[in-house]
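>>> Any chance you could fold what I've pasted below:
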Amino acid sequence: MSKDGLVPIGKIIGVHGLKGEVKVFPYGDLDDFELKAVLVSAKETVKSFMVTRSRKHRELYILDLEGVSERTDAEALIGAEVSVPEDELPELDEDEYYYMDLVGMEVVTDEGKRLGSISNVISTGSNDVLEVDGPLGPVLIPALDNVIIEVDAAAKKVTVRLMEGLLPGETEQ
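Model (predicted):
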């Protein structure tokens, strides 16, 4: 999350049709998210837009932004980041976390070995993958129940039980 209380939820990567709709690549699952207003940040400018319509289209979201009624207006927004105020995020169930909450957390194995910190969360469709950067180099850890042992949000620490072959240099036998 940024210091101004805004949470980036996606990036405008293109336009849809001729009436000014924009294609947004989401930074996470937005299915349970009711978008009413968004802030669009491009270069040094931030502009607020009311969302008059939103829908999922394959892995993207199509947004109809109030005041953006022509394709050329929408094209000017390509590359901009879409954010919402933190207090508009939906409540999460227990044991659910926003990607932004996980990034920066330390990752250790159940045997106490430090792997590094989470630099990114990759959504693959079937399960998320934690990208960890640390002393062993980059490590990709599947976010599965049998791998993620504990997430301690207060301590900003994730404990994992690694499957064989996940660490760099390891080979399966």
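>>> How about the contacts made by H16?
H16 sits next to 22-23, 57, 62, 74 when contact means Cβ atoms under 8 Å, 6 or more residues apart in numbering. Every residue, glycine included, has its C-beta placed from N, CA and C.
>>> Counting only helices, which of those residues make the cut?
Among the contacts of H16, the members falling in helices (DSSP state H) are A74.
>>> of the contacts of H16, buried ones?
Among the contacts of H16, the ones that count as buried by 16 or more other Cβ atoms under 10 Å are 22-23, 62, 74.
>>> From those, pick the one nearest L115.
Nearest to L115 among those is K23, at 35.2 Å by Cβ to Cβ.
>>> hey, what's the closest one bridged with?
Taking DSSP bridges, one obtains G14, I62 as the residues bridged to K23.
>>> Wait, it touches L60, no?
Yes - look at K23 against L60 with Cβ atoms under 8 Å: they come within range, at 5.0 Å.
>>> Could you name every residue contacting both of the two?
I13.
>>> what stretches of this protein score poorly on pLDDT?
1-3, 169-173 (pLDDT under 70).
>>> next one: phi and psi at the residue nearest the centre of the chain?
Among the residues of the chain, the one closest to the centroid is Y27, at 3.1 Å (Cα atoms, centre = their mean). The phi/psi pair for Y27 (degrees, to the nearest 10) reads phi -80, psi 0.
>>> Now do the domain split for this structure, please.
The chain breaks down into these domains under automatic domain parsing: 6-88, 99-160.
>>> got the contact list for the residue nearest to the centre of the chain?
Residues in contact with Y27, defined by Cβ under 8 Å, 6+ apart, are 8-11, 99.
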